[in-house]
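[1] can you look at this prediction? I've put the sequence above it.
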Amino acid sequence: MPTLGFRASPAILPKRLDSLTSLRFFAAFAVFTHHFTGVGGATGFGRSPLIFPYSEIGGHGVTFFFVLSGFLMMWVFKPHEHPGVFYWRRVGRIWPAHLVALVLGVFAYYIAAHQAIHWPSLISSVFLVQTWFPQVTPILPGNEVTWTLSVELLFYALFPLLGRIAARMRTRWLVAATVAGLAGMWAVHWFATAHFSRGNAGWVMRHPLVYLPEFLLGMTLALAVRRGWRLPLRPVVPVLLLFGYVFCYYQGRMRLSDGVVAQLDFTVRPAIAMLSGLIIVAFVQREVRGLRGMLNARPFVLLGLWSYSFYLIHHSISRLATYEWGRMPDNDAVLFTLLGMAVVANVLSWALFAYVEEPAEKWWRKRTPRRWLDRTGSTPAEAVIPAPRPGTDQSPERQAEREPQPAPV
């Protein structure tokens, strides 16, 4: 029996991974909750003692997105696809909604806030390279939440090469590289905090290079599942582990010594990444077995499809509400306001998805340069081929029948 689980019998992989699409909404909602309640003091729109300080961990919902991006990119990887096709589609997927949401962001973070615009920093956010520079003003210029897209952009730039390398590596070596990378995140966080100013340490820990191990974790898990590795894990288990970790993390911060608390902070990103990976694998294995659950229901899938737009606009809405009405009293009644604002943000995100994100992506895809498609030499169903297993049909035609087409990332 392999270390990570067992090899399953050959199975036709699902063409869609609806549960992962739905999980995107919960990750985006966690980030929304983090911004709504703030991080202490007079931050956020309102703070509920029932969920604060635990809601602060919602900011690490972006870690789930990074792991999920690595997983889904590798899940549908086409080794013979021209890299230009991949880059072209990423542009059409990311930029249209980003540019529209940026208009709202500029109004919320600059005009309504009566803040001067530092044009070089704002322009860097238009092209999603703001996290590469240490002296941008403010620290998160443009639409604040798009710093994570700046991180994603590096992964997209490297993925055609990383995907080919990973597809040729044995799973055990991928696991070793992933573990080393996550340990490196902990070490970099520790070193930056100990040797740099607070501002420079914060920039280091937002730098795209630091997050690459989280994408690698997703890639490794995707290849492992495609190659037949399985963990005897029901989805409820890693979800409960995540809630347990969050509870212990904040209880520990209130009770442990400063040195131990510092180590908790240094390890929180790798820890959340590993728990996110377990959640993803558990739900994917469920779908591979042909089982359906609550997250396969159409309402949750739709919320997941709108989640990118929701992520882009939610913080701007919260900021504008704060300017208009001031902070809400810090009591549990603010939870009703949180839910109401989430409904408003989801309605607006539906509009952004339906009238900008989806039609713009379809329009852009239709205009993929023909020379790239002609040089690809692959069919839409072609993707990375799992390692052969004895007694299975290894013909290209049979392998192509198993290729998944999950919901858009």
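    Structure's in. What do you need?
[2] next up, the contacts around the residue nearest the centre of the chain.
    Most central in the chain under Cα atoms, centre = their mean is residue 65, positioned 0.9 Å from the mean C-alpha point. For residue 65, the contact set (Cβ atoms under 8 Å, 6 or more residues apart in numbering) comprises 24, 27, 148, 152. Using the backbone N, CA and C atoms, a C-beta is placed for each residue, glycine as well.
[3] what's the local residue count around the last one?
    What it means is residue 152. By the other Cβ atoms under 10 Å criterion, the neighbourhood of residue 152 contains 21 residues.
[4] which residue is the nearest non-sequential neighbour of it?
    In space, and not counting its chain neighbours, residue 152 is closest to residue 69: 6.2 Å by Cβ to Cβ, 6 or more residues apart in numbering.
[5] hang on, that neighbour in a strand?
    No - looking at residue 69 with DSSP: H, G, I helix; E, B strand; the rest coil, it is helix, so not inside a strand.
[6] rewinding a little: need the contacts of residue 65 in a markdown table (columns: pLDDT, distance to residue 58 and secondary structure).
    Below are those laid out as a markdown table (pLDDT from 0 to 100; distance: Cβ to Cβ, whole Å; DSSP: H, G, I helix; E, B strand; the rest coil):
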| residue | pLDDT | distance to residue 58 | secondary structure |
| --- | --- | --- | --- |
| 24 | 96 | 14 | helix |
| 27 | 97 | 9 | helix |
| 148 | 96 | 13 | helix |
| 152 | 96 | 19 | helix |
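[7] going by distance to residue 206, which of the residues you listed wins?
    Closest approach to residue 206 among those (Cβ to Cβ): residue 148, at 9.0 Å.
[8] wait, isn't the closest one in contact with residue 62?
    Yes - look at residue 148 against residue 62 with Cβ atoms under 8 Å: they come within range, at 4.7 Å.
[9] which residues does the residue nearest to residue 152 contact?
    Per Cβ under 8 Å, 6+ apart, neighbours of residue 69: 152, 155, 215, 218, 409.
[10] narrow the residues you listed to just the buried residues.
    Buried residues within these, counting neighbours by 16 or more other Cβ atoms under 10 Å: 152, 155, 215, 218, 409.
[11] pLDDT score for the residue nearest to the centre of the chain?
    pLDDT recorded at residue 65 is 96.
[12] please pull out the lowest mean pLDDT helix or strand from the chain.
    In the chain, no helix or strand scores lower on mean pLDDT, DSSP states H and E than helix 396-401, which sits at a mean of 34.
[13] from residue 146, how far off is the residue nearest to residue 152?
    Residue 69 is 15 Å from residue 146, where distance means Cβ to Cβ, to the nearest Å.
[14] what does residue 340 give?
    From residue 340 across to residue 146, the span is 25 Å (Cβ to Cβ).
[15] so those two - more neighbours on which side?
    The neighbour comparison of residue 340 against residue 146 (other Cβ under 10 Å) goes to residue 146, with 26 against 10.
[16] now that one, what's its secondary structure?
    Residue 146 - assigned by three-state DSSP - is helix.
[17] what sits against it?
    By Cβ under 8 Å, 6+ apart, residue 146 lies in contact with 98, 101-102, 105, 125, 128, 130, 312.
[18] let's see it at 6 Å
    For residue 146, no contacting residues are found, by Cβ atoms under 6 Å, 6 or more residues apart in numbering.
[19] can you pull out the helices in the stretch 101-250 of the chain?
    Secondary structure of the stretch 101-250 of the chain, counting by DSSP state H, counting those that start in this stretch: helices at 119-126, 147-168, 171-195, 198-206, 208-226, 236-255.
[20] list the contacts of residue 59.
    Listed by Cβ under 6 Å, 6+ apart, the contact partners of residue 59 are residue 34.
[21] number the residues from 364 up from this point.
    With 364 as the first residue, the last one maps to residue 422.
[22] show me the strands in this protein, by range?
    All strands of the chain, identified by DSSP state E, fall at 369-370, 592-593.
[23] among those strands, which gets the worst mean confidence?
    Of all the strands of the chain, strand 369-370 carries the lowest average pLDDT, namely a mean of 42.
[24] from residue 460, how far out is residue 641?
    Distance from residue 641 to residue 460, by Cβ to Cβ: 30 Å.
[25] related to what we said a few turns ago, any idea which of the contacts of residue 432 is closest to residue 380?
    Out of the contacts of residue 432, the member with the shortest distance to residue 380 (by Cβ to Cβ) is residue 772, at 10.2 Å.
[26] in the longest helix along the chain, which residues are buried?
    Taking DSSP state H as the criterion, the chain has its longest helix at helix 621-651. For helix 621-651, burial by neighbour count (16+ other Cβ under 10 Å) applies to 626-627, 629-651.
[27] same deal with stretch 426-445?
    426-441, 444-445.
[28] now do the contacts for the residue lying closest to residue 577 once chain neighbours are set aside.
    Excluding the flanking residues, the one nearest residue 577 by Cβ to Cβ, 6+ apart is residue 429, at 4.1 Å. Residue 429 makes contacts with 574, 577-578, as judged by Cβ under 6 Å, 6+ apart.
[29] with distance to residue 666 added, can I get those residues in CSV?
    Below are the contacts of residue 429 laid out as CSV (distance: Cβ to Cβ, whole Å):
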residue, distance to residue 666
574, 25
577, 23
578, 24
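[30] could the residues you listed go into TSV alongside pLDDT and distance to residue 399?
    Output for these, formatted as TSV (pLDDT from 0 to 100; distance: Cβ to Cβ, whole Å):
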residue	pLDDT	distance to residue 399
574	97	24
577	97	24
578	97	28
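[31] ramachandran angles for residue 480?
    Dihedral pair for residue 480: phi -90, psi 120, per degrees, to the nearest 10.
[32] quick check: it touching residue 470?
    No - checked against Cβ atoms under 6 Å, the pair residue 480 and residue 470 is beyond contact range at 11.5 Å.
[33] where are the low-confidence patches of the stretch 564-713 of the chain?
    Within the stretch 564-713 of the chain, no stretch has pLDDT under 70.
[34] need the contact partners of stretch 657-669.
    381-382, 384-385, 387-388, 712-713, 716.
[35] which one of those is nearest to residue 476?
    residue 712 (22.2 Å).
[36] returning to that earlier point: ok, which of the helices of the stretch 464-613 of the chain comes nearest residue 451?
    Of all the helices of the stretch 464-613 of the chain, helix 510-531 sits nearest to residue 451, with 11.2 Å by Cβ to Cβ.
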